[in-house]
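Asker: When you get a sec, could you give me coordinates for this:
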Amino acid sequence: MTTTSQHVPRSADPAEPSLPLSVLERGGHPAGTTAEQAVRDMVDTARTADAHGYRRFWVAEHHAVRTSASSAPAVLIAHIAARTERIRVGSGGVMLPNHPPYTVAEQFATLGTLHPGRIDLGVGRPSDGSTEAHRLLEEALRRAPRAGTGFPAQIDELLGVLFGRGPDRNRFHSLPLTPRPATAPQVHVLGAGTTSARLAAERGLPFVYGHHLSRVICRPEAPEGYRAAFRPDPDHPGQDGTRPHLSVSVHVVCAETDELAESLALRSAAYMAAHSGNAASSGPLSPARAEHLARRVLDEYQVVYGAPAKVAAELEALAARFAADELMVAPFEATGKARARTLRLAARARVAPPARVTQPARVASPAHRAAKR
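Answerer: As a prediction, this is how the structure comes out:
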């Protein structure tokens, strides 16, 4: 199958400014895939990203999900960082209410010691749930009921331990962090709503907007709110806390032609629709109904698909819409081979940085920074 794209490919001139692209790896794999193969696929995807100039490779945290091999981000990060060369490796993200912040600080300090200057710590909070399975998972993780409501305090505790802050910011300040790497991991806040955006802004941290999540969850006003509320805090060693940094995650399927990419995206979406809670119990679907549901999934999860030129145009529009500093590509397909193909081809999508009006940075006084904690 061949086609002539309606979009003109961007110049491959290396001197042309290009928005940084990173990768969000969710660890998904088709039913029947062995755990060993799923992890090998993640490593292969990371090596592809490393070879094609992506800035970061982040792994998600998913518990009790049969089609995900990404339940232990810190372990996977150590494995992946040892098998790549340049790319930053991190979590997208650690669900902080699931863990003691001190333990997370120790894990990522150790990773930072093993791989100096290459470790990111993205933190978020899991979605609330009231099902019996959700309650059982909370018990298995030793989570206190409504632990997510303490997320801001948990972030402050984590920052206090990682950056060696005193009693005004860290109630465990008398406990040394060991090992303490020369360069602390870069801390990012993940979220899809205004609460997480404001939390990142008030602490002078980078924010990753989860555009790849369901439209029901996403709040498109969150990125603008993050920039408006940002308060500089340069007291984060190893990262620039003096200006906002916004990353936007996005589902992508990239193939050699627009038609092939659409077909592959529909195939993945149809699989997702067929295995959803409602569809799985309703029996076989007609081809027309299956395609209808698949297209609904593509729209609900805001999937970008096409040949490199079309993907470049859509990513550029997305970056301009949110004034993004970075885009995180979340390959939408389940197999490692397909994810690697999307990353190889999407790397050709040189995305121009959005134009911005530079505004003077607001400088917060030390007293004000202490008070906002």
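Asker: going forward, measure contacts and count neighbours with C-alpha atoms only.
Answerer: Will do.
Asker: Please give me every residue in contact with residue 78.
Answerer: Under the criterion of CA atoms under 8 Å, 6 or more residues apart in numbering, the contact list for residue 78 reads residue 111.
Asker: per-residue confidence for it?
Answerer: We have a pLDDT of 98 for residue 78.
Asker: ok, it to residue 84 distance?
Answerer: Distance of residue 78 to residue 84, given as CA to CA, to the nearest Å: 10 Å.
Asker: Quickly find the element holding the residue nearest the centre of the chain.
Answerer: Among the residues of the chain, residue 92 comes closest to the average C-alpha position under CA atoms, centre = their mean, at 4.1 Å. Assignment of secondary structure by DSSP states H and E places residue 92 within strand 88-95.
Asker: Contacts made by the next helix or strand after that strand with the rest, please.
Answerer: Once strand 88-95 ends, the next helix or strand along the chain (criterion: DSSP H and E) is helix 101-114. Under the criterion CA under 8 Å, 6+ apart, residues 74, 77-78, 118-119, 121, 154-155, 157-158, 161-162, 177-185 lie in contact with helix 101-114.
Asker: again with stretch 44-56
Answerer: Surrounding stretch 44-56, the residues in contact under the criterion CA under 8 Å, 6+ apart are 20-23, 57, 80, 83-90, 336-337, 339-340, 343-344, 347.
Asker: Low-confidence stretches in the stretch 201-350 of the chain?
Answerer: Low-confidence segments of the stretch 201-350 of the chain (pLDDT under 70): 237-238, 276-283.
Asker: where along it do the strands fall?
Answerer: Counting by DSSP state E, counting those that start in this stretch, one finds strands in the stretch 201-350 of the chain at the ranges 207-209, 246-254, 304-306, 326-331.
Asker: Now render the ones you listed as JSON lines, adding distance to residue 43 and mean neighbour count.
Answerer: Supplementary listing: the strands of the stretch 201-350 of the chain in JSON lines, determined by distance: least, CA to CA, whole Å; neighbours: other CA atoms under 10 Å:
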{"stretch": "strand 207-209", "distance to residue 43": "23", "mean neighbour count": "29"}
{"stretch": "strand 246-254", "distance to residue 43": "19", "mean neighbour count": "26"}
{"stretch": "strand 304-306", "distance to residue 43": "23", "mean neighbour count": "28"}
{"stretch": "strand 326-331", "distance to residue 43": "14", "mean neighbour count": "25"}
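Asker: Just give me the neighbour total for residue 79.
Answerer: Burial of residue 79 is recorded as 13 neighbouring residues (other CA atoms under 10 Å).
Asker: Which of the helices or strands spans it?
Answerer: Since the elements are taken from DSSP H and E, residue 79 ends up inside helix 73-82.
Asker: quick check: angle from that helix to helix 101-114?
Answerer: Angle of helix 73-82 versus helix 101-114, following axes from the mean of the first three to the mean of the last three CA atoms, to 10 degrees, is 10 degrees.
Asker: Keeping just the C-alphas, turn helix 73-82 into CSV.
Answerer: Coordinates of each C-alpha in helix 73-82 appear next as CSV, following Å, rounded to 0.1, in the frame of the first residue of the first chain:
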residue,chain,number,x,y,z
PRO,A,73,9.8,1.1,38.3
ALA,A,74,13.0,1.3,40.3
VAL,A,75,14.1,-2.2,39.4
LEU,A,76,13.3,-1.7,35.7
ILE,A,77,15.1,1.7,35.7
ALA,A,78,18.3,0.1,37.0
HIS,A,79,18.0,-2.7,34.4
ILE,A,80,17.2,-0.3,31.5
ALA,A,81,19.8,2.3,32.4
ALA,A,82,22.5,-0.4,32.5
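Asker: Could you figure out how far it is turned away from strand 88-95?
Answerer: Using the same axes, to 10 degrees, the interaxial angle of helix 73-82 with respect to strand 88-95 works out to 170 degrees.
Asker: Mind listing what's buried along helix 73-82?
Answerer: Going by neighbour count (16 or more other CA atoms under 10 Å), the buried part of helix 73-82 is 73-74, 76-78, 80-81.
Asker: Excluding chain neighbours, what is closest to residue 340?
Answerer: Nearest non-adjacent residue to residue 340, counting by CA to CA, 6 or more residues apart in numbering: residue 45, 5.1 Å away.
Asker: Surely that neighbour forms part of a helix?
Answerer: Yes: with DSSP: H, G, I helix; E, B strand; the rest coil as the criterion, residue 45 is located in a helix.
Asker: count of residues packed around it?
Answerer: When neighbours are counted by other CA under 10 Å, residue 45 registers 27.
Asker: go on, residue 312?
Answerer: 26.
Asker: Excluding covalently adjacent residues, which one is nearest to it?
Answerer: Computed as CA to CA, 6+ apart, the closest residue to residue 312 that is not its neighbour in sequence is residue 349, at 4.4 Å.
Asker: That neighbour contacts residue 316, correct?
Answerer: No: taking contact to mean CA atoms under 8 Å, the distance of 9.0 Å between residue 349 and residue 316 leaves them out of contact.
Asker: So which of the two has more stuff around it?
Answerer: The residue with more neighbours, out of residue 349 and residue 316 and counting by other CA under 10 Å, is residue 349; that gives 27 against 22.
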